[in-house]
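Engineer: fold the following, please.
(chains A, B and C)
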Amino acid sequence: MVAITERQQLAYIAGQAADARLNLELETEGMTLNIGPQHPATHGTLRIVAKLDGEKVIAAEPIMGYMHRGYEKLAEVRTYPQITTLINRIDWLGSFANEVPFILAAERLMEIEAPPRAQWIRTILFELSRIANITLFLGDMGAQLGAVTPVFYAFRDREFVLNQIESATGGRFHPNFDRIGGLKDDLPKGWIAETKLAMARIRDFCDQIDELMFGNEIIGVRTRGVGVIPAEVGLSFGLSGANIRASGVDWDHRRDTPVGLAYDKLDWKVWTHPDGDSFARMWVRLQEVRESTKMVEQLLDGIPAGPIMAKVPRIIKVPEGEAFIVTENPLGEMGYYVVSQGDLMPFRVKIRTASFNNISITPWLLRGVFVPDIITILGSLYFILGDIDV
Amino acid sequence: MTLAIQLSYWQQTVFRSLGIAAAVLLPAGTIVYVYLFKMMSFMQSRLGPMEAGPFGSMQLLAEVGKWLQKEDLIPAKADKRVFMLAPVVVMLSTFLIYTVVPFGPDAWFTNLDTGIFLALALSSVSVIGTLMAGWASANKYSLLGGLRAAGQLIAYELPLVLAVVGVVIQAGTLNLIGIVTAQGDGEIFGFGALGNPYIITQFIGFLIFLIATQAELTQAPFDMPIAESELISGYMTEYSGFRFLLFFIGEFATAGAFAALASVLFLGGWTIPPFIIDPQSNVMNVLGPLVMLAKMMLVLFLIFWFRFTYPRFREDQLQQLAWKYLIPLSLVNIAATAILKVAF
Amino acid sequence: MGIVPGLIKGLGVTLKEAKRTVFPDGMMKPPSPAKGAATVQYPHEKEELAPRSRGVIALKEENCTSCMLCARECPDWCIYIEAHKYLAPPRKAGGKPRQRNELDRFDIDFSLCMYCGICVEVCPFDALFWSPEYEYSEPRIADLLHDKDRLADWMTTVPDFESYEAGSEQKVRKVPR
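Structural biologist: Take a look at the predicted model:
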C-alpha cells in the first residue's frame, strides 16, 4: 500500500484547480506530461510533472527522491573511513570532490592539519574531478540538444583524466583516496608528466567543442535567451556554482573560503557571464574547464616535498564538536555539517548538496517555456541525481 | 525493355515487383551500413560494429533477425487497426516513389509523363502514416511526436516542391526520364562534353531541396518528431519487432528515394559525361544503376554529414525557417529560372 | 566568429575527426581505422591497467593472523573469517608452546565488495593486496564468493609496488612472493 503524503495531496488538488481554471479560460484541456523517472534527458531518476498547453508549459514540478540512498542515516552507523568510501558515490562523476569537504570537517574537529604536500595533491585531484565532471557536461549538453557527436568526444578525452585518477588512486570513478590527516598514498613515478599531457588533451577537446558546438548557430538559437535566471532570483533559490556565476554573481568558494586547499597559491580567475541564460551556463563551464587545466599545470609544477600524512592515531576517534565545511564542487556548493560526540562514528552528518538547490528553481523557471526548452534548461542547470537525492 | 525474349504482362509485373524490392532494399541496406554504422562511427572516433561478418558487414542482417524475433507488443489502449497500418502506409509511399525513378535508358519501371509530380505527391502520403502512428500509440510522447511531425512535414513539402519547379522549367517536362535526357543532352554555354547537370544552374534549388529533404526525413537538425532525448522515439516509441523494422528500413529507404530523386533532378541521373560512353548504348542499362547508386551515395553523404554534426531545431524555429526563409527563396529561384529560360 | 559561419566549422570538425580515425598516419598511407579509433576492441585487445588499479583482492595466507580487522572494517561485511587456535611447538627446545591462529575460512564475497580498499589498507600484517585483474565474472552469483585458495591464486597477479614521484617521503613497500 502506498500512502499519499499531504504534499502529494495538495499537489493533486492544485493540479485539478489549474486544470479547471484552464478549462474555463481557454476551453481546452491541458495535458499533464510525466517526464521521468525513466527518461534519457533527466540525468537519472528525476520526475517532472509538467502541465502542458500544446507545446507550452503552464506549470512544472520536480519530484525528487527516486534515488534516495539514505546517506545521512548511514553516516550515523559508519566509521569515518567507511563514510569516506560511501560519499564518493554522491556525485559520481566528480567523485574525489565529495570526499574533500567531509575530510576537512573531520580534520577541523580533530584539529589536525594535513601536510602541504597532501594539500597540494588534494587540490590537484579536486581539480581533476572537476575537469572529469564538466567535460561530460559539455558532451552531454550536445546530446540533450540533439547533436550525437560531442558525447563521444567528451568520453574519449575524459578517459585521459580518469586514467590519471586511476593510476594515482586505483579507482577511476570512486577514488576513496582522502584520509583524515592527508592522503592514502603518494603519487607514482611519472604521474606529473602524464597528467600534463592529459591537460593538453583536455584543452584540445575544449577547442574542438568550442568549434563544434559554441559557434554553431543552431545551438545559439536553442540556448540564447532560454531559461534566463536573474541574479537575485538565483541567489534567493540558493543556486550555486556555474549556474549563479552565469548570472553575473561573482561567487566562488575556492577563492573566498580558505579551508586547507592550495588555491591561494595559484594565479587563476573566476569566470562570470552577465546573461544568465542557458548559453551563459554552458559558456562559463567551458571556460572553467580551461581554467582548471591551467591551474592543474601550475599545481603540478609546485608540489612541495614532504610527508603525505600527518601523525594520526590508528583508530580515529573524533573529539566532540561540530564543524561545517563548504567547498566549490564541480556541481556547485557542497557542504558537510559533521556533529561528533567523541565516538568512532559521527553523531550526525548533514550533507548540503548543490543540485538539490539548483533544481529547486525549476518550477519558477519552467513556466511558459516550450517542451524542448525544458530539456535545454534542465541540461544547462546540470544536476546529478545522486547529488539531489543524497 | 529491349530483351531478346518477349515477356507477357504478368511476367513483366513479377519482374518489376522483384526489381522494386531490390531497388528499395539494397540501397537501404548499403546506406545503413556505410553511413549509419561506419561513417557515424568514424566521425565519433570509434569503429562501429565489427563482430558480425567481416568489418561488421552482416550487422544489418543480425539486426533484422533480432527485430524479427521480438515480441509483437501493441499497447492495450492503442487503436489496433490504425496502429498496425501506420508502418505499412509509410513503406507504401517509399516503394511507390522508386517506381518513377529511371535507372538506365531502358531500365525504368514506369514511364509517366507526370513522373516528378507523382513522386512528390507520394512523399506526402508518409505524413499520414506518421500521424497514424503517433495517434494510435495511446502515448502522450508519441502524440507529441506525431503532431510535431505533421506540422514539420507539411511545412517542408512546399520548399521541396518549389525547388523542383525550377528544374522542371529548365527541362521543360515533368517526365523524369525526359529530365535525365535533357541533362545528358544539354550543353553548358555550348560546351557539350559534360552534359548539363542542373546542379550548376539550379544551385539554390539544390540547397533548398537538400534542406527540405533533411526535414522530410526527420533527420537532425530537423528531428524534433523523433527527438531522442525528449520523446525517446517520438511516433515510433511504442513499436517493436517487425513493425519497428518497417519504420527503420522505411526511414533509410526513403532517404535513398529522395537521394535518387535529387540525383535524377540535379546530378544528371544515370548519365555519365558523353565522352566516356555513348548514352544510348545498351551498356548503360547495366552501368546506369551503378552510376545512380554512386550519385545517391554522394547526396546521402551530405545528408548524413549534416545529421551527425548538428543539434536539432525547436519546432517553432523549424517552422520559421520553412515559411519565412525557404519558401520566399524558392519563389525567387523559380522567378529567376523562368526569366533566364525565356531570355536565353 | 570569423567569416566562416559556425555551421560550416562544425561540419569541418566532424570531417576532420573522421579523417583522423580512418587515416591516422595521414592521407598518403592506406586507411587503418583500427589504429585511429579511440576504442579498444575487447576481447581481441585488452587495455593496460595501472598497477594500482583495484581489480581483485589477493590473500597471502602465511601473513594472516586472523586479527579480524579487515572483516570488522569492511563497510559491507563481505569478508568471512573463521579461525581456530592451536599450539605450535616452541621455537627453542625447552620453551613454552606458542599459541597461533590458523585460518579455516577466509572468503571475500565479491558480489558485495565495494572495492573501497579499506581491508587492504587496514591489515597490519601485509596479508591483503590489490591486483588489477578484472576478468572473473561468473554466471552464478554464488561463484563470486572467492575462498582462501582462490584468493591465494590471485597473489601471482599482484604487481610490484611502484616507486614514487620526486619529493615524496614514502617508502616503497615490497610484495611478499
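Engineer: for stretch A:161-169, output the C-alpha coordinates as PDB.
Structural biologist: The C-alpha trace of stretch A:161-169 is given here as PDB (Å, rounded to 0.1, in the frame of the first residue of the first chain):
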ATOM      1  CA  VAL A 161      41.800  12.300 -16.900                       C
ATOM      2  CA  LEU A 162      40.200   9.100 -15.500                       C
ATOM      3  CA  ASN A 163      43.300   7.200 -16.300                       C
ATOM      4  CA  GLN A 164      45.400   9.600 -14.300                       C
ATOM      5  CA  ILE A 165      43.000   9.400 -11.400                       C
ATOM      6  CA  GLU A 166      43.200   5.600 -11.700                       C
ATOM      7  CA  SER A 167      47.000   5.500 -11.700                       C
ATOM      8  CA  ALA A 168      47.200   7.600  -8.600                       C
ATOM      9  CA  THR A 169      44.300   6.200  -6.500                       C
END
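Engineer: that stretch vs chain C: in contact?
Structural biologist: Yes: counting by Cβ under 8 Å from any Cβ of the partner chain, chain C is contacted by stretch A:161-169 at A:163, A:166, A:167, A:168, A:169. Placement of C-beta: from N, CA and C, glycine included.
Engineer: residue C:93 versus the first one, what's the distance?
Structural biologist: Put plainly, it is residue A:163. Residue A:163 is 57 Å from residue C:93, where distance means Cβ to Cβ, to the nearest Å.
Engineer: quick check: the farthest pair among the residues of stretch A:161-169 next to chain C?
Structural biologist: A:163 and A:169 (11.3 Å; Cβ to Cβ).
Engineer: neighbour count for these two, which is higher?
Structural biologist: Neighbour count, other Cβ atoms under 10 Å in any protein chain shown: between residue A:163 and residue A:169, residue A:169 has more, with 25 against 19.
Engineer: which strands and helices lie in contact with the longest helix along chain C?
Structural biologist: The helix spanning the most residues in chain C, taking DSSP state H as the definition, is helix C:6-22. Contacts defined by 3 or more Cβ pairs under 8 Å, 6 or more residues apart in numbering or on different chains; DSSP states H and E place helix C:6-22 against helix A:149-169, helix A:217-223, helix B:40-43, helix B:283-309, helix C:33-36.
Engineer: any chance of CSV for those helices, columns distance to residue C:121?
Structural biologist: As requested, the helices and strands packed on helix C:6-22 are exported to CSV (distance: least, Cβ to Cβ, whole Å):
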stretch, distance to residue C:121
helix A:149-169, 12
helix A:217-223, 46
helix B:40-43, 42
helix B:283-309, 47
helix C:33-36, 40
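Engineer: would you reformat the ones you listed as TSV and include distance to residue B:30 and mean pLDDT?
Structural biologist: Putting those into TSV (distance: least, Cβ to Cβ, whole Å; pLDDT from 0 to 100) gives the following:
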stretch	distance to residue B:30	mean pLDDT
helix A:149-169	22	93
helix A:217-223	29	90
helix B:40-43	15	90
helix B:283-309	8	89
helix C:33-36	18	82
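Engineer: tell me which element residue A:126 is part of?
Structural biologist: In the assignment (DSSP states H and E), residue A:126 maps to helix A:116-145.
Engineer: quick one: stretch A:308-328 near chain C?
Structural biologist: Yes: applying Cβ under 8 Å from any Cβ, one finds stretch A:308-328 touching chain C at residue A:308.
Engineer: what's the mean pLDDT across that stretch?
Structural biologist: Here stretch A:308-328 scores 91 as its mean pLDDT.
Engineer: helix or strand right after the host helix or strand of residue B:320?
Structural biologist: Using DSSP H and E, residue B:320 sits within helix B:315-320. Per DSSP H and E, the first helix or strand lying C-terminal to helix B:315-320 is helix B:327-343.
Engineer: tell me what that following helix is packed against?
Structural biologist: Partner elements for helix B:327-343 (3+ Cβ pairs under 8 Å, 6+ apart): helix B:140-171, helix B:203-216.
Engineer: and chain C, which of these is closest to it?
Structural biologist: Of all those, helix B:203-216 sits nearest to chain C, with 11.6 Å by Cβ to the nearest Cβ.
Engineer: could I have the closest one exported to CSV, CA atoms only?
Structural biologist: C-alpha atoms of helix B:203-216 as CSV (Å, rounded to 0.1, in the frame of the first residue of the first chain):
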residue,chain,number,x,y,z
PHE,B,203,22.4,25.5,-57.2
ILE,B,204,20.0,27.4,-54.9
GLY,B,205,17.3,24.9,-55.8
PHE,B,206,19.6,22.0,-54.9
LEU,B,207,20.3,23.5,-51.5
ILE,B,208,16.7,24.1,-50.8
PHE,B,209,15.9,20.5,-51.9
LEU,B,210,18.6,19.2,-49.6
ILE,B,211,17.3,21.1,-46.6
ALA,B,212,13.7,20.1,-47.4
THR,B,213,14.8,16.5,-47.8
GLN,B,214,16.5,16.6,-44.4
ALA,B,215,13.3,17.8,-42.9
GLU,B,216,11.1,15.3,-44.8
